[in-house]
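Novice: Sequence and computational prediction follow.
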Amino acid sequence: MQASVAPQATAKAVAARPVAAAHLPNARICVSATNAARAAAAAAVTAAKSGRGAPVPAATAMAASGQGAPPPAAAPPTRPTLYDVPVSNNGARCRYVIYSQGLDVAIASPAALGGLRSPEFLALSPNGKMPVLRLPAPAGDLPAAAAAAGLAAIYESEVISQYLVSAAFCPPGTLRAADPLAQARADLATRAHDMYVTTAQGCMYKGGLTAEERSAGLAQLSFQLDALERVVAAGGGPFVCGAEVTTADAALAPTFEFMVRILPRHFGWADVFAGRPALRAWWGGLRARDAAMARILDEVAGGLEAWEAAKRWDELGITAQVARGEARYAF
Ligand SMILES: N[C@@H](CCC(=O)N[C@@H](CS)C(=O)NCC(=O)O)C(=O)O
């Protein structure tokens, strides 16, 4: 339903939108933006007095990494909280929905819960992966055992993204295509990305892979780029599924930020978009068309620049592996 509205205008129009209590997952426990601000302030005072952690304002939290010295167990959030970090390409799609729709959802680093391997985080996200969305669950709302088992949390970025655009938070049709076939293309691009691209993306930046494993991963990225090119070309642009921006654009774009920055620089690719004109056109216009999209891409880019500054590819032996030339890395 956002399609006919300029994305910047949409973001502006919804920037101050409070989340209607009736639209929230449990009206009894959810608060308006104003009350949330009061509750956050009260929580901060309580946290300062008690030394316990509390949800961190987005700007502060996003500056933190996913790891860090574990604080004492965090107090239950008073509003929905997304645990994620800036460089997380999967989580970035959820941040896009929050930013573009002006949702009253806090963003905090997993470090606020003691990091990805802490019992507190694993109770919310059993695979130890971000993002995870924690929903308000004060004492008495859920049995303690259910809360401890993570029943007040949703993980998997696409599931969170779809929940955030559902009636729990947004008007019907938000970030969805009106045409069923267009929406099917958006779903297809998202699913292909999640099943075949993100599962191979570690070949771009993880150590411990043999030359053959890294080469196979990079070949898979190239193959999947061709498959995505067909889907995006069928929609006719400018967005993933056609004329309307959808959650699919936010799912794919952060991973393209990885590919565009890493593949030419570290693996000798001449051009990620060579022979892929539909993807080139989509990518070329994405930042300028949508301020919330530019924001998540800047967050991902900042994380990748920090990796560059830390010489990640040298430190992990990837640069030396590529220099040995035992396998093909450029596609
Ligand atoms: N399918 C999951 C993938 C989650 C995932 O791999 N998250 C990454 C960040 S983008 C992560 O937590 N990495 C840290 C780790 O695996 O230790 C989703 O879409 O949420």
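Specialist: Now that the structure is in, tell me what you want to look at.

Novice: tell me the contacts of T319?
Specialist: If a contact means CB atoms under 8 Å, 6 or more residues apart in numbering, then T319 has 266, 313 as its contacts. From N, CA and C alone the C-beta is placed, and that goes for glycine too.

Novice: again with T190
Specialist: 158, 247-248, 251-252.

Novice: can you check R117 too?
Specialist: Contacts of R117 (CB under 8 Å, 6+ apart): G128.

Novice: helix/strand/coil for it?
Specialist: Following DSSP: H, G, I helix; E, B strand; the rest coil, we place R117 in the coil state.

Novice: Please tell me how far it sits from the ligand.
Specialist: 8 Å (CB to the nearest ligand atom, to the nearest Å).

Novice: Which members of the contacts of T190 are positioned in strands?
Specialist: Counting by DSSP state E, the contacts of T190 place none of their members in strands.

Novice: Which of these has the largest number of neighbours?
Specialist: A248 (31 neighbours; other CB atoms under 10 Å).

Novice: doesn't V240 make contact with it?
Specialist: Yes - applying CB atoms under 8 Å as the test, A248 and V240 come out as touching, 4.2 Å apart.

Novice: Now tabulate the contacts of T190 in TSV and tack on pLDDT.
Specialist: Shown next, in TSV, are the contacts of T190 (pLDDT from 0 to 100):
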residue	pLDDT
E158	98
T247	98
A248	98
A251	98
L252	98
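
Novice: can you narrow these to ones near the ligand?
Specialist: Restricting those to those near the ligand by CB under 6 Å from any ligand atom leaves E158.

Novice: any common contacting residues for A248 and V240?
Specialist: Contacts common to A248 and V240, judged by CB under 8 Å, 6+ apart, are 185-186, 189.

Novice: Can you tell me which of the residues you listed has the most neighbours?
Specialist: A186 (27 neighbours).

Novice: Surely it is within a strand?
Specialist: No - using three-state DSSP, the assignment for A186 is helix, not a strand.

Novice: what residues are up against it?
Specialist: Counted by CB under 8 Å, 6+ apart, A186 has contacts 176-177, 240-241, 246-248.

Novice: Apply 10 Å and report the result again.
Specialist: Going by CB atoms under 10 Å, 6 or more residues apart in numbering, A186 touches 175-177, 231, 235, 239-242, 244-249, 251-252.

Novice: swap in Y163?
Specialist: 25, 80, 94, 97, 133, 135, 154, 156, 169-170.

Novice: top of those residues by neighbour count?
Specialist: Neighbour-wise, the contacts of Y163 (other CB under 10 Å) top out at C94, 32 neighbours.

Novice: host element of that one?
Specialist: C94 belongs to helix 89-101 when assigned by DSSP states H and E.

Novice: any idea how far the following helix or strand past that helix is from the chain center?
Specialist: Counting by DSSP H and E, the next helix or strand C-terminal to helix 89-101 is strand 106-108. Relative to the centre of its chain, strand 106-108 is centred 12 Å away, using CA atoms, centre = their mean, to the nearest Å.

Novice: do stretch 299-311 as well
Specialist: Taking the mean of its C-alpha atoms, stretch 299-311 sits 16 Å from the chain's own mean (CA atoms, centre = their mean).

Novice: Just the buried residues of that stretch, please?
Specialist: Buried residues in stretch 299-311, counted by 16 or more other CB atoms under 10 Å: 299-301, 303-304, 307.

Novice: What of stretch 211-228?
Specialist: Buried positions in stretch 211-228, judged by neighbour count with 16+ other CB under 10 Å: 214-215, 217-222, 224-225, 228.

Novice: ok, so of those, who is nearest the ligand?
Specialist: Set against the ligand, the nearest of the buried residues of stretch 211-228 by CB to the nearest ligand atom is G217 (14.5 Å).

Novice: Excluding chain neighbours, what is closest to that closest one?
Specialist: C203 (2.6 Å; CB to CB, 6 or more residues apart in numbering).
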